[in-house]
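Enquirer: Next one to model:
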Amino acid sequence: MAQLAKEILNSYVDSQFPKLEVINVSALETMFEAYTPYEIVAGSEMSAEELVDTFRLSLITESLTEQYGKTYRIGANLYNADWLSNYVSGFWEPDERGHADPFKNILVDFGVDEKKLDVEIQVARESVDYSTKHESGFHPIALTTYGMIQECVTDYWYELQRGFFPPTSNTAKILSMVKGREALHTVQFRNLTSLQLESDPALLPEI
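Expert: Next up is the predicted model:
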């Protein structure tokens, strides 16, 4: 990639760092509102067990942030894309790292044993090596396109999950925070993809 394009990408990444934001502990502590899954699914076509499993999926997915980060860094190292490594290590991972906690709190509030959840998270981390399963390509533009889609999906997924709770509840507010960060990451990955493509249209097949 041309030096000018790298400078533009690095400049964009640098401009995003002031937007870094983590969910504070005091906000997380307000989530224990004694909701039951049976109460939350009332009026829907889901069972309480299915609802719990959706939040378990969110928890496990968010608990694998480091593995996704490792995948991005592999591509960054292969293609000398320091801007991608800087974004993932300096912004995306720290921003994502607190996203598992809200889903864990919801499950505990639903009555799921916290120690059991910790075991499930540990098993997932030990049994999955995502970087060896990743099939969307390791070129930086393939990775940023993948990231855009991944973040877009979680953005809408969390919007659906938020909809089960009363809009004024603290749980809904915290899920809105997480959803908002996923939306920001979608835009950031989209912009990183478009900047690469503008600098070199020949990269389109990698997308």
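Enquirer: With adjacent residues omitted, what lies nearest to Asp155?
Expert: Counting by Cβ to Cβ, 6 or more residues apart in numbering, Asp155 lies nearest to Glu182, which is 4.0 Å off, once chain neighbours are set aside. In short, each C-beta sits where N, CA and C put it, glycine included.
Enquirer: cool, and Tyr130?
Expert: Going by Cβ to Cβ, 6+ apart, Tyr130 has Gln67 as its nearest residue, at 4.0 Å.
Enquirer: for the lowest-mean-pLDDT helix or strand in the chain, packing partners?
Expert: Ranked by mean pLDDT, DSSP states H and E, the helix or strand of the chain with the weakest confidence is helix 25-28, at a mean of 84. Applying 3 or more Cβ pairs under 8 Å, 6 or more residues apart in numbering; DSSP states H and E, one finds that helix 25-28 contacts helix 100-109, helix 170-199.
Enquirer: can you redo those as a markdown table with mean pLDDT?
Expert: Formatted as a markdown table, the helices and strands packed on helix 25-28 follow (pLDDT from 0 to 100):
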| stretch | mean pLDDT |
| --- | --- |
| helix 100-109 | 96 |
| helix 170-199 | 97 |
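Enquirer: picking that back up, which helix or strand lies directly C-terminal to the least confident helix or strand of the chain?
Expert: helix 37-40 (DSSP states H and E).
Enquirer: Pull the residues that contact that following helix.
Expert: For helix 37-40, contacts defined as Cβ atoms under 8 Å, 6 or more residues apart in numbering pick out 48-49, 51-52, 110-111, 164-165.
Enquirer: Most neighbours among those residues, which one?
Expert: Within the contacts of helix 37-40, most neighbours by other Cβ atoms under 10 Å means Phe164, with 23 neighbours.
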